[in-house]
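Enquirer: quick one: sequence and predicted model below, then my questions.
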Amino acid sequence: MRYSNIWKEAIITKVSLIAENVKHIEFSLSEIPAYTPGSHIDVQIFIDNSPSIRSYSLIGRSEKGKPLTIAVKLLAESRGGSKYIGKLKEGQKIQISQPKNHFEMTFGRDNYILIAGGIGITPIIAMAQELKHKKSNFRLEYAGASRKEMPFLEMLSESFGDNLSCYIKDENQRLNIKKTIAELPKGTQLYFCGPMRMLDDIRQAWHDNGFSSFDLRYETFGTTGSYPTQSFKINLPRFNKTLSVSINTTLLDTLKDNGIEVMSDCLKGECGLCVVDIIKYTGKIDHRDTFFSEEQKSENKQICACVSRVFEGELTIDTSYRGENKKN
């Protein structure tokens with residue numbers, strides 16, 4: 001693990017609806033920790049009375065005395081996290097972790113472009129504010145389905161003016177990713193947070209234009225995939241077990257809940273620690289990770305257990321971890 005959580009009790013001081021199905025949550029702590037742009041906190045939640053953990057980006061730059069805030073989109077296809085967050089009330093106590101950052105920025109570049117899709121704007125706000133504070137040259141491109149579903153539009157417009165461009169699908173405004181990236185000067189750094197399909201287009205255009213992979217930084221939504229979320233079965237011959245992965249849990253959690261150890265870290269399909277081997281499968285493998293290349297995904301030899309799933313089929317898998325005293 002890159003980070004060990006240090007849990008602290010926080011009080012929810014403000015809950016507001018800031019866009020359609022988007023809740024804005026403000027936390028009060030005895031001591032507000034500092035954090036860097038791109039940071040998130042882990043939040044302890046309960047799904048069907050069982051404890052679980054979800055990660056949410058911190059909104060805005062870290063400032064002395066400024067409360068920690070997150071924004072969560074309430075999704076019907078989520079694994080229960082947004083449903084739990086949606087029911088939180090002012091005055092309620094909740095356990096949150098210290099801020100952590102898997103989405104670090106590099107400063108001192110001549111040009112930056114920030115791209116956000118929908119609720120992916122949450123970590124991008126602090127980045128834009130920091131770049132403005134440093135008087136850096138940057139653009140912020142914000143795409144969404146409709147104005148009513150896009151949080152912070154008014155604030156962003158007031159804060160960033162001509163540095164901000166918005167693309168609203170139901171107003172026939174679409175972000176042309178190929179054109180946008182083709183026109184970037186060499187040495188530009190791009191930071192993106194949003195749905196997987198959008199990231200796939202960005203990665204392809206970035207590669208086609210010969211930009212360095214080091215200069216493309218991103219976070220994605222772990223719940224987005226190419227197929228609807230369904231329950232599915234997994235077979236584990238080495239353990240002589242067949243398990244069911246419900247619609248509201250992950251392959252990784254199902255394995256761990258049944259005493260099968262799998263290493264993990266990011267829980268977003270980015271680090272690759274939770275990869276397990278696919279022996280055989282039926283249906284469609286829905287690779288929801290960013291760890292594997294498109295070629296590796298097409299081979300269907302491995303799967304990131306923290307986010308990826310199966311559509312209309314089942315998996316037979318083997319885990320890499322054996323344990324110190326276990327025989328193969």
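Expert: Received, thanks.

Enquirer: quick check, residue 219 in a strand?
Expert: Yes - counting by DSSP: H, G, I helix; E, B strand; the rest coil, residue 219 falls inside a strand.

Enquirer: what are the bridge partners for it, then?
Expert: residue 193 (DSSP bridges).

Enquirer: cool, residue 14 as well?
Expert: residue 26.

Enquirer: can you count the residues close to it?
Expert: Per other C-beta atoms under 10 Å, the neighbour tally for residue 14 reads 12. All C-beta atoms are positioned from the backbone trio N, CA, C, and that covers glycine.

Enquirer: just the pLDDT at it, thanks.
Expert: As predicted, residue 14 sits at a pLDDT of 97.

Enquirer: got the contact list for it?
Expert: Counting by C-beta atoms under 8 Å, 6 or more residues apart in numbering, residue 14 touches 24, 25, 26, 90.

Enquirer: settle this for me: the third one is touching residue 11, isn't it.
Expert: No - taking C-beta atoms under 8 Å as the contact criterion, residue 26 and residue 11 are not neighbours in contact, 9.6 Å apart.

Enquirer: what's the closest of the contacts of residue 14 to residue 275?
Expert: residue 25 (32.7 Å; C-beta to C-beta).

Enquirer: sec struct for the residue nearest to the closest one when sequence neighbours are not counted, please.
Expert: Excluding the flanking residues, the one nearest residue 25 by C-beta to C-beta, 6 or more residues apart in numbering is residue 70, at 5.2 Å. The local conformation at residue 70, judged by three-state DSSP, is strand.

Enquirer: count of neighbours near residue 70?
Expert: So residue 70, with other C-beta under 10 Å, has 21 neighbours.

Enquirer: and if you look at residue 257?
Expert: Count around residue 257 with other C-beta under 10 Å applied: 11.

Enquirer: now do residue 284
Expert: Quick note: residue 284 (other C-beta under 10 Å) scores 15 neighbours.

Enquirer: return the set of residues that bridge with it.
Expert: residue 311.

Enquirer: still on that earlier bit, any chance of TSV for the contacts of residue 14, columns neighbour count, pLDDT and distance to residue 258?
Expert: As requested, the contacts of residue 14 are exported to TSV (neighbours: other C-beta atoms under 10 Å; pLDDT from 0 to 100; distance: C-beta to C-beta, whole Å):
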residue	neighbour count	pLDDT	distance to residue 258
24	18	96	37
25	25	97	33
26	18	97	38
90	12	97	38
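
Enquirer: which residues are in contact with the residue nearest to residue 25?
Expert: Residue 70 neighbours (C-beta under 8 Å, 6+ apart): 24, 25, 27, 41, 43, 56, 57, 58, 59, 122.

Enquirer: hmm, try it at 7 Å
Expert: 25, 56, 57, 58, 59 (C-beta atoms under 7 Å, 6 or more residues apart in numbering).

Enquirer: for residue 258, same thing?
Expert: Counted by C-beta under 7 Å, 6+ apart, residue 258 has contacts 241, 243.

Enquirer: burial check on residue 8, number of neighbours?
Expert: Neighbour number of residue 8 under other C-beta under 10 Å is 16.

Enquirer: what are the bridge partners for it, then?
Expert: What pairs with residue 8, by the bridge criterion (DSSP bridges), is residue 96.

Enquirer: quick check, pLDDT for it.
Expert: 95.

Enquirer: likewise for residue 308?
Expert: Listed pLDDT for residue 308 reads 94.

Enquirer: is it true that it touches residue 287?
Expert: Yes - Residue 308 lies in contact with residue 287 (C-beta atoms under 7 Å); the separation is 5.1 Å.

Enquirer: please identify which of those two sits among more neighbours.
Expert: residue 308 (26 against 23).

Enquirer: let me see the contact set for that one.
Expert: 269, 285, 286, 287, 288, 289.

Enquirer: residue 123 now?
Expert: 38, 57, 103, 193, 219.

Enquirer: burial of the fourth one, as a residue count?
Expert: Applying other C-beta under 10 Å, we find 26 other residues in the vicinity of residue 193.

Enquirer: look up how far residue 103 lies from it.
Expert: With distances taken as C-beta to C-beta, to the nearest Å, residue 193 is found 8 Å from residue 103.

Enquirer: what sits in contact with each of these two?
Expert: The contact lists of residue 193 and residue 103 share 123, 219, where a contact means C-beta under 7 Å, 6+ apart.
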